[in-house]
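Chemist: The sequence and its predicted three-dimensional model are supplied below.
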Amino acid sequence: MLEARQAIEYAARQLGFSGLGVAPAHANQGTILENWLAAGKHADMQWMERHLPARLDPELVLPGVRSIIMLTYEYPRTDARTAAGAIARYAQGQDYHKLLADKLADLDETLQWYGGTQRCFSDSGPVSERFFAALAGLGWIGRNGLLIRPGKGSYCFLASILTTLELPTDTPMPNRCGNCHRCEQACPTAALHNGCCDARKCLSFWTIEAKSPTPQDIQQAQGNRLYGCDTCQEVCPWNRPQEEVYIDPHLLMPAPLAKLSTQQLAQMPEADFQAIFTGSPIRRIGVAHLRHNAAGLSQSEPSL
Ligand code: B12
Ligand code: SF4
Ligand code: SF4
């Protein structure tokens with residue numbers, strides 16, 4: 001199946017993916033995820049408990065799966081500030097779920113040509129994307145929990161293609177964090193331990209995923225984070241620009257978003273929210289959560 005692998009590598013490059021690696025589908029993931037869930041570190045993301053069996057056994061996601069193709073897609077590295085506060089770099093432009101789903105559908109077609117049946121995801125299905133990306137030799141899991149690539153750092157989306165084809169696999173690379181602990185030290189809520197993030201403390205969770213109001217101690221640490229948090233990536237020495245990479249212009253911040261003030265956001269009418277955020281990943285949290293985040297900004301000291 002060398003020919004299929006070469007074809008998919010070529011097609012992925014043409015579609016703008018920056019890296020591709022292949023992992024065997026039936027690798028043992030150990031107990032990290034189970035222990036994380038058992039300790040309640042997923043906060044109120046109940047769907048993670050439901051996904052556990054499929055996360056540990058890709059056969060439940062695609063019967064007959066043999067290989068998992070992991071891909072990286074770069075997002076902007078420059079910070080994403082609005083007049084009100086910071087948006088996580090990955091979320092400043094168009095919604096990557098849709099952008100990558102269309103590209104993954106093209107890659108699916110290429111693999112069908114070689115007789116494969118596929119299921120494709122990017123942050124949209126029960127797949128341990130970081131585990132398989134590391135196993136596919138794309139990088140290592142840093143102490144900030146993210147996949148880090150030598151020369152390119154961690155500012156990338158991961159996408160996965162489960163396929164029934166048996167493709168040549170790649171070799172994992174050693175962890176290069178060394179004695180560095182900058183991410184753990186810089187995290188404003190001490191959410192990082194042993195390469196895992198405790199969502200109950202993580203500002204990314206509270207400003208994006210949480211369904212309940214932010215506890216006061218977390219809100220005090222919010223600083224100028226309007227949506228998501230990049231602190232544990234900003235301090236990582238592997239994210240100092242090294243290689244030039246292609247950045248998809250769809251992922252850059254549109255001008256109307258950059259101009260929004262805290263007051264406009266905190267009082268934003270639903271109709272304005274729909275007009276400004278349709279097509280953005282931020283739309284998913286809804287206007288009430290965005291207003292809540294904006295209110296948190298005005299109550300805390302800037303910290304980025
Ligand atoms: C739930 C989730 C969150 C939660 C929980 C965070 C967490 N760290 O678990 C919240 C909402 C807080 C969150 C935040 C963020 N997230 Co998030 N998130 C996810 C999601 C959906 C599942 C992650 C998960 O299962 N966590 C639980 C832990 C225990 O499982 P795991 O991360 O898979 O860990 C495995 C590996 O660590 C592995 N492992 C550990 N050590 C080693 C060593 C070796 C050698 C190997 C082989 C494996 C290995 O074992 C674990 C079990 O399989 C993934 C998408 C996906 N389907 O995987 C995106 C994902 C991890 N998130 C992503 C991003 C970008 C972010 C943010 C940066 C967004 C932001 N700027 O605000 C932050 C970063 C926070 C952080 N430091 O992790 C990207 C990461 C890209 C990358 N370069 O790694 C992903 C992959 C989405 C995507 N497809 O692009 N996220
Ligand atoms: S995203 Fe922010 S709050 Fe979450 S672990 Fe990283 S630095 Fe800490
Ligand atoms: S900041 Fe240091 S410890 Fe954290 S992920 Fe980067 S290299 Fe590893």
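Modeler: Everything's here; your move. Ligands and ions are numbered 1, 2, ... in the order given.
Chemist: Doesn't residue 103 belong to a strand?
Modeler: No: per DSSP: H, G, I helix; E, B strand; the rest coil, residue 103 lies outside any strand segment and is helix.
Chemist: So it sits against residue 11, correct?
Modeler: No: between residue 103 and residue 11 there is no contact, the gap being 9.3 Å when judged by C-beta atoms under 8 Å. Where you see a C-beta, it was placed from the backbone N, CA and C, and this is true even at glycine.
Chemist: what about the two, which has more around it?
Modeler: Ranked by neighbour count (other C-beta atoms under 10 Å), residue 103 and residue 11 place residue 103 first, with 21 against 17.
Chemist: Pull up the gap between the more buried one and ligand 3, please.
Modeler: Distance of residue 103 to ligand 3, given as C-beta to the nearest ligand atom, to the nearest Å: 28 Å.
Chemist: Find the nearest non-adjacent residue to that residue, please.
Modeler: With C-beta to C-beta, 6 or more residues apart in numbering as the criterion, residue 103 has its nearest non-adjacent residue at 4.4 Å, and that residue is residue 15.
Chemist: what residues are up against that neighbour?
Modeler: Contacts were defined as C-beta atoms under 8 Å, 6 or more residues apart in numbering; by that measure residue 15 touches 103, 106-107.
Chemist: Show me the helices in the stretch 101-250 of the chain, by range?
Modeler: Taking DSSP state H, counting those that start in this stretch as the criterion, the stretch 101-250 of the chain carries its helices at 129-135, 182-186, 203-204, 216-220, 231-234.
Chemist: Export the ones you listed as JSON lines, with columns for distance to residue 242, mean pLDDT and mean neighbour count.
Modeler: Listed next are those as JSON lines, based on distance: least, C-beta to C-beta, whole Å; pLDDT from 0 to 100; neighbours: other C-beta atoms under 10 Å:
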{"stretch": "helix 129-135", "distance to residue 242": "19", "mean pLDDT": "98", "mean neighbour count": "22"}
{"stretch": "helix 182-186", "distance to residue 242": "17", "mean pLDDT": "98", "mean neighbour count": "16"}
{"stretch": "helix 203-204", "distance to residue 242": "25", "mean pLDDT": "98", "mean neighbour count": "23"}
{"stretch": "helix 216-220", "distance to residue 242": "33", "mean pLDDT": "93", "mean neighbour count": "14"}
{"stretch": "helix 231-234", "distance to residue 242": "14", "mean pLDDT": "98", "mean neighbour count": "22"}
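Chemist: possible to save those as TSV with distance to residue 271?
Modeler: Below are the helices of the stretch 101-250 of the chain laid out as TSV (distance: least, C-beta to C-beta, whole Å):
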stretch	distance to residue 271
helix 129-135	36
helix 182-186	39
helix 203-204	28
helix 216-220	28
helix 231-234	33
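Chemist: any chance of these in JSON lines, with distance to ligand 2 too?
Modeler: Below are the helices of the stretch 101-250 of the chain laid out as JSON lines (distance: least, C-beta to the nearest ligand atom, whole Å):
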{"stretch": "helix 129-135", "distance to ligand 2": "14"}
{"stretch": "helix 182-186", "distance to ligand 2": "6"}
{"stretch": "helix 203-204", "distance to ligand 2": "4"}
{"stretch": "helix 216-220", "distance to ligand 2": "9"}
{"stretch": "helix 231-234", "distance to ligand 2": "3"}
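Chemist: related to what we said a few turns ago, with respect to residue 160, which of the contacts of residue 15 is nearest?
Modeler: Ranked by distance to residue 160 (C-beta to C-beta), those are led by residue 107 at 10.9 Å.
Chemist: where does the closest one sit relative to residue 193, distance-wise?
Modeler: According to C-beta to C-beta, to the nearest Å, residue 107 stands 36 Å off from residue 193.
Chemist: out of these two, which sits in the more crowded spot?
Modeler: Using other C-beta under 10 Å as the criterion, residue 107 and residue 193 rank with residue 107 on top: 24 against 14.
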